[in-house]
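# let me see the structure of the following:
(2 chains)
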Amino acid sequence: MVIFSVYVVNKAGGLIYQYDNYVPRAEAEKTFSYPLDLVLKHHDEKVVVSFGQRDGIRVGHAVLSINGVDVMGKNTAEGKDILEYLKDATNYPVSIRFGRARLSSNEKLMLASMFHSLFAIGSQLSPEVGSSGIEMLETDVFKLHCFQTLTGIKFIVLADPRQSGIDALLRKIYEIYSDFALKNPFYSLEMPIRCELFDQNLKSSLEVAEKAGNFGAGS
Amino acid sequence: MRIIQQEEKMTVHNLYIFDRNGNCLYYNEWNRKKQAGISKEEEYKLMYGMLFSIRSFVSKMSPLDMKDGFLSFQTSKYRLHYYETPTGLKFVMNTDLSVSNARETLQHIYSNLYVEYIVKNPVCVLGNTLDSELFSSRLDAFIRALPYYSPRAA
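Sure, this is the predicted structure:
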């Protein structure tokens, strides 16, 4: 029962705050001999598995490190292209670590803006009059909750599907935002939030919400 | 009085069926109060585009590997349920908020209605819009027979 992350989006759709509370990283490291029986391909500046899923290595997992050294995008730490490196039989046996690729801050910015638009489309395609945008999006692995304030700021929380009390948590985050970001004289509206007290209070309210959620008595 | 209000809350608004290329194969509505304000063709494209983007968004945002992927979303007034078959056929149903899980309903529509009356029909060409009378009438009867469907007073 966890809360994975919190995003705050301003009214133009730009990400102004992001916090990862719990990032489960399922990674698998294995030693391979030539030839490699996984099919790898370039995708978005990363090398990902496209075929050959096995042993905890799934399609879509990215190459995270080779022989213990973290890779840099499409190249190894020394700057060699990974796919070329792995085609060369003299480099084997090689130990590669695969896992879900971490989101870069650019990707998080793009995803936040994407959600901002999807939120609006959800309202436009509504079969009922007076619908809001997407307030809760459910998948089998996580639930995304969104609260839009009257001023257009969206507070987005990604949590475990069974976690309860997220509505109260969203209101609490709004309260923390108005107390420690808006009342901060050095904070400009719609800009990225860099207020220490906001971070501290957000972290402690997430802890409280996770504990309360475990008892299942949340609102 | 209160009982009527309770019934008014449970309903199915509409249903879309898309193929894997984004063409809308079927659409029907039962209790839709508000049109989107754009032509039907544009609405289908917008709906498909929204779902495609949501699926891409969810696969990137997800903290863990997913099995079924995106299931549904809800707003203050309605809930959209999504089911995709392994062949890329997409079933989308908008209901009111009281329906929490329509996945089995959509799976039933696929296996007992779509497969039976469209796939097994030698006259129906897969990829064309579904114009089988039998399919439409059986689907309509099925939706109206759902426990959470109740026609609202006009």
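
# ok, residue A:51 - contacts?
For residue A:51, the contact set (C-beta atoms under 8 Å, 6 or more residues apart in numbering or on different chains) comprises A:38, A:39, A:59. Where C-beta positions appear, they are placed from N, C-alpha and C, glycine not excepted.

# err, residue B:48, not the other one
B:18, B:22, B:24, B:90.

# for the last one, give me its contacts.
Just to be clear, that refers to residue B:90. Going by C-beta under 8 Å, 6+ apart, the list of residues near residue B:90 reads B:16, B:17, B:18, B:19, B:20, B:48, B:51, B:82, B:83, B:84.

# beta partners of it?
residue B:18, residue B:84 (DSSP bridges).

# would you mind measuring from it to chain A?
Using C-beta to the nearest C-beta, to the nearest Å, we find residue B:90 at a distance of 15 Å from chain A.

# with the second one instead?
Using C-beta to the nearest C-beta, one obtains 15 Å as the distance from residue B:22 to chain A.

# what is the neighbour count of that residue?
As a burial measure, residue B:22 scores 15 neighbours (other C-beta atoms under 10 Å in any protein chain shown).

# so which of the contacts of residue A:51 belong to helices?
Among the contacts of residue A:51, no member is found in helices (DSSP state H).

# now the contacts of residue B:48 in CSV, with pLDDT?
Output for the contacts of residue B:48, formatted as CSV (pLDDT from 0 to 100):
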residue, pLDDT
B:18, 96
B:22, 93
B:24, 95
B:90, 96
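
# skip the chain neighbours and tell me the closest residue to residue A:53.
Residue nearest to residue A:53 in three dimensions, not counting chain neighbours: residue A:59, with 5.1 Å by C-beta to C-beta, 6 or more residues apart in numbering or on different chains.

# how many residues are close by the one you found?
13.

# likewise residue B:55?
16.

# and it, that one's in a strand?
No: if the criterion is DSSP: H, G, I helix; E, B strand; the rest coil, then residue B:55 is helix and not within a strand.

# and it, what does it touch?
Per C-beta under 8 Å, 6+ apart, neighbours of residue B:55: B:69, B:70.

# confidence score at it?
Here, the pLDDT recorded for residue B:55 equals 95.

# now do the strands in chain B.
Listed in chain order, the strands of chain B (DSSP state E) span B:12-18, B:24-29, B:70-74, B:79-84, B:90-95.

# and what of chain A?
In chain A, the strands defined using DSSP E lie at A:3-9, A:15-20, A:27-32, A:39-43, A:46-51, A:62-66, A:69-70, A:94-99, A:136-139, A:143-148, A:154-159.

# in JSON lines: those, plus mean pLDDT and distance to residue A:205.
Putting these into JSON lines (pLDDT from 0 to 100; distance: least, C-beta to C-beta, whole Å) gives the following:
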{"stretch": "strand A:3-9", "mean pLDDT": "96", "distance to residue A:205": "10"}
{"stretch": "strand A:15-20", "mean pLDDT": "96", "distance to residue A:205": "11"}
{"stretch": "strand A:27-32", "mean pLDDT": "87", "distance to residue A:205": "30"}
{"stretch": "strand A:39-43", "mean pLDDT": "88", "distance to residue A:205": "37"}
{"stretch": "strand A:46-51", "mean pLDDT": "88", "distance to residue A:205": "34"}
{"stretch": "strand A:62-66", "mean pLDDT": "88", "distance to residue A:205": "32"}
{"stretch": "strand A:69-70", "mean pLDDT": "87", "distance to residue A:205": "33"}
{"stretch": "strand A:94-99", "mean pLDDT": "89", "distance to residue A:205": "30"}
{"stretch": "strand A:136-139", "mean pLDDT": "95", "distance to residue A:205": "19"}
{"stretch": "strand A:143-148", "mean pLDDT": "96", "distance to residue A:205": "14"}
{"stretch": "strand A:154-159", "mean pLDDT": "96", "distance to residue A:205": "11"}
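
# most packed of those strands?
Each of the strands of chain A was scored by mean neighbour count; the highest is strand A:154-159, a mean of 25, by mean count of other C-beta atoms under 10 Å in any protein chain shown.

# residues in contact with it?
A:2-9, A:112, A:115-116, A:119, A:142-149, A:166, A:169-170, A:173-174, A:177, A:213, B:61, B:63.

# then stretch B:34-47?
With contact meaning C-beta under 8 Å, 6+ apart, stretch B:34-47 is reached by A:121, A:124-129, A:131, B:16, B:18, B:22, B:24, B:27, B:92.

# circling back: which of the strands of chain A sits closest to residue A:85?
Closest approach to residue A:85 among the strands of chain A (C-beta to C-beta): strand A:62-66, 7.3 Å.

# so the closest one, near chain B or not?
No: using C-beta under 8 Å from any C-beta of the partner chain, strand A:62-66 never reaches chain B; the gap is at least 11.9 Å.

# now do that strand against strand A:46-51, angle only.
Relative orientation of strand A:62-66 versus strand A:46-51 (axes from the mean of the first three to the mean of the last three C-alpha atoms, to 10 degrees): 110 degrees.

# chain center to strand A:62-66, what's the gap?
In this view, strand A:62-66 has its centroid 19 Å away from the chain centroid, taken as C-alpha atoms, centre = their mean, to the nearest Å.

# shaky segments in chain A?
Across chain A, the ranges flagged by pLDDT under 70 are A:214-219.

# quick check: residues of it near chain B?
A:4-5, A:22-24, A:26, A:58, A:60, A:100, A:103, A:107, A:111, A:114-115, A:117-118, A:121-142, A:144, A:158.

# repeat that for 7 Å
Within chain A, the positions near chain B by C-beta under 7 Å from any C-beta of the partner chain are A:4, A:23-24, A:26, A:58, A:100, A:103, A:107, A:111, A:114-115, A:118, A:121-142, A:158.

# so which of those residues sit within helices?
In this view, the residues of chain A next to chain B that belong to helices under DSSP H are A:107, A:111, A:114, A:115, A:118, A:121, A:122, A:123, A:124.
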